[in-house]
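Asker: model the following, please.
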Amino acid sequence: MLEGELGPTVSKCMELLVALGKIYNADKLVPVASTHISGVSYKTIGDAGVELLEDLVEGVEGEKPAIKVLSTLNPGGMDLENWGKLGVPERFAQQQKRILEAYIRLGAIPTCSCTPYLCGNLPRYGQVLAWAESSAVIFANSVLGARTNREGGPAALAAAICGRTPRYGFLLGENRVPTAKVVVLDQPSGSYEYSLLGAVIGSELGGEVPLITGLSSPSLEELRSLGASMAAIGANTLYHVEGVTPEASTVSRDRIGDVLEVGRGDWLKKSEEMSSINFEEAEIICVGCPHLSLEEVRTLARCGKVFGKEFWACTSRHVRLEAERSGLLVQLEKKGVQLVCDTCMVVSPLGEAGYTGVATNSAKAARYLPTLSGSRVVLDSLGIP
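Answerer: Sure, this is the predicted structure:
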């Protein structure tokens with residue numbers, strides 16, 4: 001592969017993987033069961049990214065796709081069916097289509113979602129992955145018990161094409177043990193409060209592997225929100241929840257250092273810190289960061305609150321189809337909620353569409369929107385259970 005016998009694209013990808021292995025002192029390359037690739041939105045990779053992907057397509061030898069393993073894509077920059085209605089500029093749309101066409105020609109599955117485990121890319125316990133997208137990485141490591149580092153988009157794509165990744169970091173058992181402990185004093189409820197709890201943990205224990213105690217039977221959606229905000233704010237890659245997550249009962253506790261106590265007052269304070277406007281100043285409500293599950297869509301549809309603002313609920317195309325089949329889509333539309341697919345508020349051209357003030361219940365979105373979109377944000381439960 002490295003010598004170019006399989007073509008220039010494979011050779012370039014192997015060069016990248018070997019270089020990463022040397023940087024992180026990996027002892028070898030190991031096969032991966034699947035990859036999840038970020039760097040899909042035109043907003044984040046720009047014209048240079050479009051050209052790079054198309055160059056990779058041109059460098060593929062033969063007629064078979066370059067990608068060797070199950071590989072899904074992160075959200076792009078627009079809803080592929082309704083981009084015009086959502087205010088996406090024409091040129092942005094054309095460049096976005098070029099990006100997706102290149103990935104498809106390389107062999108990726110255009111799921112365009114940050115929740116690949118809800119779109120057919122569901123790893124088993126202990127499997128080695130090469131996933132980008134911080135919220136998916138921490139979910140796979142912590143909740144599913146798979147093993148992946150927090151890859152960048154190019155590294156995940158290289159692993160998809162070569163079918164291998166360097167063995168280091170969170171692929172190794174010794175790096176998966178808890179290094180800190182979190183004692184939760186008050187029981188959070190719902191994705192919003194779990195998102196705030198994760199924001200507090202990420203702020204205080206960034207980069208650590210926390211063992212979290214005191215949580216009572218959190219749902220998968222709550223665990224996902226917890227990890228997403230930890231990863232966005234603290235760059236955490238793995239956590240354990242006592243009595244809940246698969247490795248919590250088996251890992252050594254010998255390396256636990258700091259102990260953090262967190263209560264309701266702490267996460268409510270974090271909500272205030274991450275808000276720069278009040279709800280009345282927001283022009284649009286955006287939820288679904290990470291993408292909503294079908295259960296979260298159902299909860300939103302049954303919520304009795306009338307929001308009175310433009311409302312984007314971001315999800316995968318797969319979940320939207322299930323929502324349409326079950327009648328939830330009609331219920332949402334009657335409430336003025338648009339079920340937006342293939343993208344999210346963070347990687348879409350929200351500012352170009354005229355929205356400068358955003359209300360969200362996601363700490364991850366509240367972390368990224370000010371820097372990526374120049375948006376002012378209010379972080380709030382929005383009255384959604």
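
Asker: do a quick rundown of the strands in the stretch 201-350 of the chain.
Answerer: When secondary structure is read from DSSP state E, counting those that start in this stretch, the stretch 201-350 of the chain shows strands at 210-213, 240-241, 259-262, 284-292, 310-315, 337-341.

Asker: can you list these in CSV and add distance to Gly46 and mean neighbour count?
Answerer: Where C-beta positions appear, they are placed from N, C-alpha and C, glycine not excepted. Below are those laid out as CSV (distance: least, C-beta to C-beta, whole Å; neighbours: other C-beta atoms under 10 Å):
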stretch, distance to Gly46, mean neighbour count
strand 210-213, 36, 23
strand 240-241, 38, 24
strand 259-262, 39, 16
strand 284-292, 22, 27
strand 310-315, 22, 24
strand 337-341, 22, 23
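
Asker: could you find the closest non-adjacent residue to Gln96?
Answerer: Sequence neighbours aside, Tyr42 is the residue nearest to Gln96 in space, at 4.5 Å (criterion: C-beta to C-beta, 6 or more residues apart in numbering).

Asker: contacts only, for the one you found.
Answerer: Tyr42 is in contact with Gly49, Val50, Gly76, Gly77, Phe92, Gln95, Gln96, Ile99, counting by C-beta atoms under 8 Å, 6 or more residues apart in numbering.

Asker: tell me which two in these are the farthest apart.
Answerer: Maximum pairwise distance in the contacts of Tyr42, criterion C-beta to C-beta, is 13.1 Å, between Gly49 and Phe92.

Asker: from what I can see Asp186 touches Glu261, true?
Answerer: No. Distance between Asp186 and Glu261: 10.4 Å, which falls outside the contact criterion (C-beta atoms under 8 Å).

Asker: quickly list what's touching both of these two.
Answerer: With C-beta under 8 Å, 6+ apart, Asp186 and Glu261 have no common neighbours.

Asker: hang on, the earlier thing: out of the strands of the stretch 201-350 of the chain, which is closest to Val200?
Answerer: By C-beta to C-beta (comparing all of the strands of the stretch 201-350 of the chain), the closest turns out to be strand 259-262, at 5.3 Å.

Asker: now do the closest one: distance to the chain's middle.
Answerer: 26 Å (C-alpha atoms, centre = their mean, to the nearest Å).

Asker: could you chop this protein up by domain?
Answerer: As recorded under automatic domain parsing, the domains making up the chain are 8-173, 177-272, 274-379.

Asker: could I get these in a markdown table, plus columns for distance to Pro385 and mean pLDDT?
Answerer: As requested, the domains of the chain are arranged in a markdown table below (distance: least, C-beta to C-beta, whole Å; pLDDT from 0 to 100):
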| stretch | distance to Pro385 | mean pLDDT |
| --- | --- | --- |
| domain 8-173 | 20 | 96 |
| domain 177-272 | 6 | 97 |
| domain 274-379 | 6 | 95 |
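
Asker: could the strands of the stretch 201-350 of the chain be laid out in JSON lines, adding distance to Gly190?
Answerer: Conversion of the strands of the stretch 201-350 of the chain to JSON lines gives the following (distance: least, C-beta to C-beta, whole Å):
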{"stretch": "strand 210-213", "distance to Gly190": "17"}
{"stretch": "strand 240-241", "distance to Gly190": "16"}
{"stretch": "strand 259-262", "distance to Gly190": "16"}
{"stretch": "strand 284-292", "distance to Gly190": "12"}
{"stretch": "strand 310-315", "distance to Gly190": "16"}
{"stretch": "strand 337-341", "distance to Gly190": "18"}
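
Asker: with respect to Gly173, which of the ones you listed lies nearest?
Answerer: Closest approach to Gly173 among those is made by strand 240-241 (13.2 Å; C-beta to C-beta).

Asker: so what touches the closest one?
Answerer: Strand 240-241 has contacts (C-beta under 8 Å, 6+ apart) with Ser142, Pro178, Val209, Pro210, Leu211, Ile212, Leu215, Pro218, Leu223, Glu247, Ala248, Val251.

Asker: for the strands of the stretch 201-350 of the chain, which one sits closest to Ser71?
Answerer: Distances from Ser71 to each of those were compared using C-beta to C-beta; the shortest belongs to strand 284-292, at 17.7 Å.

Asker: picking up where we left off before, tabulate the contacts of Tyr42 (CSV), appending neighbour count.
Answerer: Conversion of those to CSV gives the following (neighbours: other C-beta atoms under 10 Å):
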residue, neighbour count
Gly49, 20
Val50, 18
Gly76, 27
Gly77, 25
Phe92, 18
Gln95, 18
Gln96, 25
Ile99, 22
